[in-house]
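Novice: sharing a model prediction with you, sequence too.
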Amino acid sequence: MSFSVNFPLFCIVGSLLTAVVSSVLGDRWARRVCMAMVSVVAVLNGVLLGYLTGLGRSVSYTMGHYPHPWGNELTLDSLEALVSVVFSLVLLLCLLGGKAQLQRDLGDRKRNLYYVMAALVQTSLLALVYTNDVFTGYVFIEICTIASCGLLMIRQIGRTTLASVRYMIFSLIGSGLFMLGVVFLYNITGHLLMPELKQTLADLWQSGLYRAPLLTGMSLITIGLAIKSGLFPFHFWMPDTYGYATPSSAGILSGLVSKGYIFLLLKLIFRAFGTQVFYGAGIHHILYLLGVIGMVVGSVSAIREDDIFRMVAYSSAAQIGYIYMGIGISPDLGVTAAVYHILTHAITKPALFLASAQLTDGAGGSKRFRELQGAAYSNWVAGLGFSVGALSMIGLPFTMGLIAKYLFARAAFQSELKMIPTLVVLGISTVLNTLYFARTILRLYNRPKRKLAKPCPVRRQIPYAVSALVLSGMNLLLGIVAQPLISMIEQGLKQF
Amino acid sequence: MNQWLLPISVLLPMAVGAALPLLGKKSHRTLHLVVLAALLLQAVFVTWLLLLPQIELPLFAMTDTLTVSLRMDGFSKLFMAVAAYGFLAAGIFAFRYMEHSQRQESFFTFFLLSLGAMVGMALSSNLITMYLFFECLTLLSMPLVLHDRTKESIRAALKYLFYSVAGAFLALCAIFFLARYCTTLDFQAGGSLDPALAAGHETLLRVVIFLGVVGFGAKAGLYPLHGWLPTAHPVAPAPASAVLSGIITKAGVLAILRLIYFCVGPEFLIGTWVQQALLGLSLLTVFMGSMMAYREKQFKKRLAYSSVSQISYVLTGLFFMTAQSVQGGLLHVVFHACIKICLFLVAGSLIFNTGKHSVEEYHGMGKAMPKTMIGFTMASLALVGIPPFNGFVSKWYLALGALRAELPVFSWLGPVVLLISALLTAGYLLPITIHGFFPGPKESVPEKNNEGGPLMWVTISVLALLTLCSGLFARPLAQAFGAMAEALF
Amino acid sequence: MLQTLWENRIQCVAVLIFAVGFSTLLLHRNLVKKIIGLNIMDTAAYLFLTSIGYIRGRLAPIIVGTDTDPSHYANPLPAGLVLTGIVVSVSVTALMLALTIRLYDQYHTLNLDEIYYMALREQEGGQ
């Protein structure tokens, strides 16, 4: 079993190779190879998760025979393995569920390129999750940016290209700031590996030297990642990006890529800055504030949309706000809630995007709500998938959303200052979410006067049906029996 | 072995309900038979459960602190029985009423699902479980409001959902707080608030509990979250309005009862501003509901306003926090369910047979539909609280409890408001009877019809007789509830 | 104050250049100019990074003679980082330019605002 510590490296290199190989394969084979790789990654990480949970501590994995503090390292612990498993699974389901739209949006020529990009996203996500080196983090942030832009611009219509340009510009500003922050920290500490960085930063913080540059460095990194993950007020690229991408890409970008950045931020907070320094510096108050505002602004914008994709995209902005709010509350319970919500959102949002795509296709391709009247009757699987996702977003019983809400509230009690605002905002956000998601569900299940589109039987959409049922099933299962997952997150955070 | 009856009685209606769409486009007869079988079986199960002592069954844990478990105590029995029998009556009526309606299977699906959720709520043994079922009940009963799929019903359903979710979140906040300040979230008579933990946070806790009660009160139509009720109940089909008004509103009552008497404990609230504020709200609702009903011309809407007022009778009883007042409240839960279902079924019958919605069109109806109108008269008298009908008994105990509470102002204001409201009730119900049986000389009398067949008028008559019988022989019930209420203090 | 500035003159210049790049990126509506701004920004970061790695009086980190004492050499890591960064920025620029070409083909302008309105109109026309 101890051999499984090699798996992350294998997975990263393997997905990179898959990307290379897929570029010369035909459509079909590229797809098969890519999906096979993602499944293998999920399984290997699952094995690693088992091993690390048993081991009960984190392992650092040195690469290239260079010892501390020069070499490049990976760190493995159960939380990272858990996140990787969920990410790989969701990636697989996204690719599976959006197959029909991929074929339509991409044309015949270069469908294999899509899988090249997907494999690259997988590579960079794994690297972001596992890396122990800040600069490696930067490199893979950039790779992730390029690959996700690739996923976006592969659909060749004007709005999408424009959205990719916007997305690219925002992402590059974000990664530029991130890099600048890294340089600041390196300048002061002389380290890029996280444990050394943490040690030096803690000493410096204690001594009171270089407060300003230290704070600048940490803030730059935080702002950079916040821009890239779409925290308010940097969420303006979201609706266009997710709204005009092909559904698989929208799912991957919203569910995984932005979460990858947040997870990297968490990792940096715990491993590189140290919670004492980070929370001592007070940056979390700003994150909390922005998160809280984002929750409300995102939902209000979603209410005003009449395009189902853009509505779901705006709801992403609100959900990102939840996560940052959790980070802002406290480093233990707050972050537990944030990580749980990362997983919730990673499972829910792709389901919503895929379902919306399937529904709009059934209704003749229009994304306007008016045309979607009664769409759930012509495609009951998609209707179900959308409803489960929407209920989870509202936070109703037996879905992950409720547990997430509970965890946030539990965390809120830790802080006298933030208790009341957190509860109030959770309430407002719940009501707003109800407003637009319930409205959508009602519309989907409301038979229109005119004739409905022909029902789409399940056997014509097996890939989507599988992915929708698995995503909904995961959502309900983890919402009903949540303790194992929460324990795993808590244990993982202790090892961090 | 008996303990498995608890989940079965929750799941039976839910399973049958969920399976109804699978019947496909079979004849309505099959559908009705299946639904009838499920309702009867449920009634039998519940009757069996009534005879058993307290049972408990932990089910599973969502997280370490959030556990789902069922337990049956006296209060569970009360609400469970009301739900099962009430749904049975409304269901039987619905077979005829819904005959020509489209989407019958969807109606009965959500009808049965709501019953399951309501029974689940009654059987919950801790706040978390109850909250889960409470939310489920909201979601599952919303499609009943939505049944006609008109613009009006969609707006009403959204309003219902909006108020309920907002209210439920207030309640959820209270639950979060209680999880911190109570020794356990399990229901314990007298409450489980930990005085050591709560010391120094009393004001905050009281605010939160107040908000929690107001939140749960949304379901019961308590001011200020009552706005959805008069909009949502009338747009549903009559049998659905009957259970919505008669039974599902009681979910709010049950939730408040559990919150105040089983988690917080009454002594934490007695004599504080929370009690006064809640009493103020509930008495305001009693008066306002009656007033609005008096002014309303559309029959079902009038009944819905009357529900707003009557449910707050029960809440007033709970908020006075004396054994008699709680006893009166509990009695009123049962009696009001019986009366209000009967009244809504009458409304359904009138609409079904004549297509008329406004009370002004009901002149002379006593000649056209005598059996229905006699039923209506009996139920009306019961709702006003005229002996020997059952409404009198519950109101008697309510007034007694209010006087015994020895609160400043409210102890005499309470009974006065209840009296005024009773007068208003007479004012908005009895004229229908009077004009129904004694139309003016110039008014045209509607033609006699068959009153919707035996399914309709027999159901109504049985319920009407029940209002009389339960009033005449209220003693055992009152004694049982009295013992239950005593145990709370 | 002045002396501190003078001692860190390279860093100060780097910050200035970064500001120029950032403002170009944000303020210009022309796509190509935006890309140029991006590159200027990157360059500033590299200058900053290189200046950290350079230590006056030390040798380039390549061993030619017999001198193996590490304290005589400058830190090689920043140079490595800069190289990596340059590669990244080249690929990003290429991607951005490709996107620009695609947009230009479709809309025959490089002004982002105009493109945006055209795309909006296109979409409304489509529905």
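Specialist: Right, received. Where do you want to start?
Novice: low-confidence stretches in chain A?
Specialist: For chain A, residues meeting the criterion pLDDT under 70 lie at A:1, A:108-109, A:365, A:452-453.
Novice: low-confidence ranges in chain C?
Specialist: Judged by pLDDT under 70, the stretches of chain C that qualify are C:124-127.
Novice: might you report the residue contacts of the residue nearest to residue B:360 when sequence neighbours are not counted?
Specialist: Nearest residue to residue B:360 in three dimensions, chain neighbours excluded: residue B:297, at 6.3 Å (C-beta to C-beta, 6 or more residues apart in numbering or on different chains). Bear in mind the C-beta positions are built from the backbone N, C-alpha and C, glycine included. Contact analysis of residue B:297 by C-beta atoms under 8 Å, 6 or more residues apart in numbering or on different chains lists B:358-360.
Novice: which of these tops the neighbour count?
Specialist: residue B:359 (22 neighbours; other C-beta atoms under 10 Å in any protein chain shown).
Novice: ok so, going back, quick one: the residue nearest to residue B:360 from residue B:213, how far?
Specialist: 33 Å (C-beta to C-beta, to the nearest Å).
Novice: then residue B:344?
Specialist: Distance from residue B:344 to residue B:213, by C-beta to C-beta: 27 Å.
Novice: helices and strands around the lengthiest helix in chain A, which ones?
Specialist: In chain A, with assignment by DSSP state H, the single longest helix is helix A:158-189. For helix A:158-189, the elements it packs on are helix A:134-153, helix A:194-207, helix A:211-229, helix A:238-244, helix C:9-27, helix C:31-53, helix C:77-107, helix C:112-126, judged by 3 or more C-beta pairs under 8 Å, 6 or more residues apart in numbering or on different chains; DSSP states H and E.
Novice: want to throw those helices into TSV with mean neighbour count and distance to chain B?
Specialist: TSV is the format used below for these (neighbours: other C-beta atoms under 10 Å in any protein chain shown; distance: least, C-beta to the nearest C-beta, whole Å):
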stretch	mean neighbour count	distance to chain B
helix A:134-153	24	32
helix A:194-207	17	31
helix A:211-229	21	27
helix A:238-244	25	24
helix C:9-27	15	40
helix C:31-53	20	44
helix C:77-107	17	41
helix C:112-126	14	27
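Novice: out of those helices, nearest to residue B:313?
Specialist: Among the helices and strands packed on helix A:158-189, the nearest to residue B:313 by C-beta to C-beta is helix A:238-244 (50.0 Å).
Novice: which strands or helices does that closest one pack on?
Specialist: Helix A:238-244 packs on helix A:158-189, helix A:247-251, helix A:308-329, going by 3+ C-beta pairs under 8 Å, 6+ apart.
Novice: which residues of chain C lie near chain A?
Specialist: C:18, C:22, C:25, C:31, C:34, C:38, C:41-42, C:45, C:48-49, C:52, C:75, C:77-78, C:81, C:84-85, C:88, C:91-92, C:95-96, C:99-100, C:102-103, C:106-107, C:112, C:115-116, C:118-119, C:122-123, C:127 (C-beta under 8 Å from any C-beta of the partner chain).
Novice: let's see 6 Å
Specialist: C:38, C:41, C:45, C:48-49, C:52, C:81, C:84, C:88, C:95, C:99, C:102-103, C:106, C:115, C:119, C:122 (C-beta under 6 Å from any C-beta of the partner chain).
Novice: and residue B:338, how many neighbours?
Specialist: Residues near residue B:338, counting by other C-beta under 10 Å: 24.
Novice: which residues does stretch C:23-43 contact?
Specialist: A:172, A:176, C:18, C:20-22, C:89, C:96, C:100, C:110-113 (C-beta atoms under 6 Å, 6 or more residues apart in numbering or on different chains).
Novice: stretch C:6-14 too?
Specialist: C:5, C:44, C:47-48, C:51.
Novice: residues of stretch A:437-456 that come out buried?
Specialist: A:437-446, A:448, A:453, A:456 (16 or more other C-beta atoms under 10 Å in any protein chain shown).
Novice: can you redo those residues as TSV with secondary structure?
Specialist: Below are the buried residues of stretch A:437-456 laid out as TSV (DSSP: H, G, I helix; E, B strand; the rest coil):
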residue	secondary structure
A:437	helix
A:438	helix
A:439	helix
A:440	helix
A:441	helix
A:442	helix
A:443	helix
A:444	helix
A:445	coil
A:446	coil
A:448	coil
A:453	coil
A:456	coil
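Novice: so where do the helices sit in the stretch 301-450 of chain B?
Specialist: B:323-354, B:365-368, B:370-384, B:390-404, B:410-437 (DSSP state H, counting those that start in this stretch).
Novice: which residue lies nearest the spatial centre of the chain?
Specialist: If you meant another chain, say so; for now it's chain A. residue A:259 (2.6 Å; C-alpha atoms, centre = their mean).
Novice: actually it's chain C I care about, not the one you picked
Specialist: So for chain C, C-alpha atoms, centre = their mean, it's residue C:42, sitting 1.3 Å from the centre.
Novice: list the contacts for residue B:439?
Specialist: With C-beta under 6 Å, 6+ apart, residue B:439 has these contacts: B:363-364, B:445.
Novice: what sits closest to it if chain neighbours are left out?
Specialist: In space, residue B:439 is closest to residue B:364, 3.7 Å off (C-beta to C-beta, 6+ apart).
Novice: that neighbour and residue B:436: what is the separation?
Specialist: In this structure, residue B:364 and residue B:436 are 7 Å apart, going by C-beta to C-beta.
Novice: these two: which is more packed in?
Specialist: residue B:436 (24 against 18).
Novice: and the gap between the residue nearest to the more buried one when sequence neighbours are not counted and chain C?
Specialist: Nearest residue to residue B:436, sequence neighbours excluded (C-beta to C-beta, 6+ apart): residue B:366, at 3.9 Å. As for residue B:366, its distance to chain C is 59 Å (criterion: C-beta to the nearest C-beta, to the nearest Å).
Novice: one more: residue A:384?
Specialist: For residue A:384, the distance to chain C - C-beta to the nearest C-beta - is 27 Å.
Novice: burial check on that residue, number of neighbours?
Specialist: 16.
Novice: now it. Nearest residue, chain neighbours left out?
Specialist: residue A:472 (6.6 Å).
Novice: now residue A:428
Specialist: residue A:296 (6.0 Å).
Novice: which SSE is the one you found in?
Specialist: Residue A:296 belongs to helix A:283-304 when elements are defined using DSSP states H and E.
Novice: for that helix, packing partners?
Specialist: helix A:308-329, helix A:416-444 (3 or more C-beta pairs under 6 Å, 6 or more residues apart in numbering or on different chains; DSSP states H and E).
Novice: and those helices, which is most packed in?
Specialist: helix A:308-329 (a mean of 27; mean count of other C-beta atoms under 10 Å in any protein chain shown).
Novice: residue C:36 and chain A: what is the separation?
Specialist: Residue C:36 is 13 Å from chain A, by C-beta to the nearest C-beta.
Novice: residue of the stretch 351-489 of chain B nearest chain A, please.
Specialist: residue B:355 (22.5 Å; C-beta to the nearest C-beta).
Novice: list the buried ones in the helix holding residue A:296?
Specialist: For helix A:283-304, a neighbour-count test (16+ other C-beta under 10 Å) marks A:283-284, A:287-299, A:301-302 as buried.
Novice: ok, residues contacting it?
Specialist: Here helix A:283-304 has contacts from A:222, A:231-232, A:311, A:314-315, A:317-318, A:321, A:324-325, A:327-328, A:425, A:428-429, A:432, A:435-436, using C-beta under 6 Å, 6+ apart.
Novice: same question, stretch B:148-155
Specialist: Contacts of stretch B:148-155 (C-beta under 6 Å, 6+ apart): A:442, A:446, B:146, B:235.
Novice: hang on, residue A:75 in a helix?
Specialist: No - looking at residue A:75 with three-state DSSP, it is strand, so not inside a helix.
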